[in-house]
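Asker: Output the structure for:
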Amino acid sequence: MTPPTTPGPEWELLEMLCRETDPGVRTAEVGRLIGGGLRWGEVFDHALRHKMLPMLAHEIAESGITQGVPIRVLEHLHSVLAVNRYRRRVWYAELGRVAEAFASRGLPTVARKGAAYESTVYHGNGSRWIGDLDLLVRQSDGPAVTQVLEELGYQCGLFDFRREVVVPFDRAELIKYRLNPDHLPQYTFVTGDPLVPIIEVDCATSLTWARSPYQVDVDEVLAARTEVTVDVPPQLRVPCAQPVHQFLDTVLHLFREAWFDWWLEKEQDVDLMKFGDVIRLSRRYADDLDGGRFVEVVERYDVVQPVCWVFEHLDRTFGTGLIDRFGLAGRVSDTFLASAAATGAEVAVWGADMRTRLFARDRRPLMART
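Answerer: So this is what the prediction gives:
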């Protein structure tokens, strides 16, 4: 069966989950969409690409809506949610082990992305997709951080699932990391757990990228860090950035992976989950962000352009109203909104709106180089 070329009810379902509407309204909408008949292969295709399968599974489980959901689909969704919840326990236990080892050596760190807000913004219910352990460290601490990871049993490289070994990065790849020191090389820990065979740690040293015109003081973020209690069990304390820094980090991360066209080749550019993270954080931490507090940080670090890039696309796609809420209207041009960074000296331009880009299975044809 040929996939639809324009968004239908399957896409509407996932986009609605990103908006985090009132629970009663959301349940009613889920019932309406499922009751109208869905192409479940299409739902799964989008949910997998946008890292939303656990969220879909959680929503259907919580709503209790089963009529209209094929039995085998329902069984698979229950399995997805159960595995993600199990993975969450293993994942947080390892985060606690790594963070404690860093602290014992006097190496400040904060959890980033899902590791920072899965337990708060997503209520620790297993609905958010679990990936790498993402941490922020000082660039100057890189050698000490890698030493600690190796002492904990981590290996520098990526896991080969066919051979079941960690394959070290080759010399060319390591040189790339040295030339672009916004991240340390990825480290992998082989757990021996049949359901969670590996955990990968990704240590960033910047909220943007090497030689970016947009920079945020990492020392300030780390110095102002706080902790969040996570009930896994056992209960542990996870080092996190202050809400203003956490929100800014999430926005700039989305911009980085949406703006560089080479993320397209890795199938790792912008997705619904990244936009959903921004929407949820903006609501969860409204008291910390409003009243000029977030804008003051944005202005001070001169990151208005990338922040507005994200907010404008959010507002136009999801109707979030963030540009007006933060008083940033008129601060970014349509030309910049349609721009992207290409390899070398080229500039990439994409002419579609963000919903079209998100919906597209192959986004490369949307990009033109000038």
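
Asker: What number of neighbouring residues does the closest residue in space to residue 197 that isn't next to it in sequence come out with?
Answerer: Leaving aside its sequence neighbours, residue 197 sits nearest to residue 191 (C-beta to C-beta, 6 or more residues apart in numbering; 6.1 Å). Where you see a C-beta, it was placed from the backbone N, CA and C, and this is true even at glycine. Neighbours of residue 191 under the rule other C-beta atoms under 10 Å: 15.

Asker: just residue 118 next, same as before
Answerer: By the criterion of other C-beta under 10 Å, residue 118 has 25 neighbours.

Asker: Contacts only, for it.
Answerer: By C-beta atoms under 8 Å, 6 or more residues apart in numbering, the contact set of residue 118 is 88, 124, 128, 130.

Asker: now do 10 Å
Answerer: 88, 91-92, 111, 124-130, 228, 230, 238, 277 (C-beta atoms under 10 Å, 6 or more residues apart in numbering).

Asker: ok, now residue 198?
Answerer: 155, 158, 159, 161, 164, 166, 188, 189, 190, 191, 192.

Asker: what about 8 Å?
Answerer: Contacts of residue 198 (C-beta under 8 Å, 6+ apart): 159, 166, 188, 189, 190, 191.

Asker: and if you look at residue 182?
Answerer: 204, 205, 206, 208, 209, 210, 212 are the contacts of residue 182 under C-beta under 8 Å, 6+ apart.

Asker: Sort out for me which of those are in helices.
Answerer: Applying DSSP state H to these, no entry is found in helices.

Asker: Point out the least confident one among the contacts of residue 118.
Answerer: Among the contacts of residue 118, residue 130 has the lowest pLDDT, at 91.

Asker: Using the three-state scheme, assign residue 3.
Answerer: Secondary structure, DSSP: H, G, I helix; E, B strand; the rest coil: residue 3 is coil.

Asker: With adjacent residues omitted, what lies nearest to it?
Answerer: residue 42 (6.4 Å).

Asker: just how off-centre is stretch 40-59 within its chain?
Answerer: The gap between the average C-alpha position of stretch 40-59 and the chain average comes to 15 Å, counting by C-alpha atoms, centre = their mean, to the nearest Å.

Asker: Need the distance between the two termini of that stretch.
Answerer: 15 Å (C-alpha to C-alpha, to the nearest Å).

Asker: just stretch 282-295 next, same as before
Answerer: 13 Å.

Asker: Check stretch 210-226 too.
Answerer: Stretch 210-226: ends 26 Å apart by C-alpha to C-alpha.

Asker: what comes into contact with it?
Answerer: 108-110, 136-139, 179-182, 205-208, 239-242, 245, 248-249, 252, 301-303, 305-306.

Asker: Could you tell me which of the residues you listed count as buried?
Answerer: Burial by neighbour count, judged by 16 or more other C-beta atoms under 10 Å, picks out 108-110, 136-139, 182, 205-208, 239-242, 245, 248-249, 252, 301, 303, 305-306 from the contacts of stretch 210-226.

Asker: now, which of those lie within helices?
Answerer: If you go by DSSP H, the buried ones among the contacts of stretch 210-226 have 245, 248, 249, 252, 305, 306 in helices.

Asker: Roughly how far does the fifth one sit from residue 204?
Answerer: Put plainly, it is residue 305. In this view, residue 305 and residue 204 are 21 Å apart by C-beta to C-beta, to the nearest Å.

Asker: Please apply the same query to the last one.
Answerer: Here the distance between residue 306 and residue 204 works out to 16 Å (C-beta to C-beta).

Asker: Thanks a lot, catch you later.
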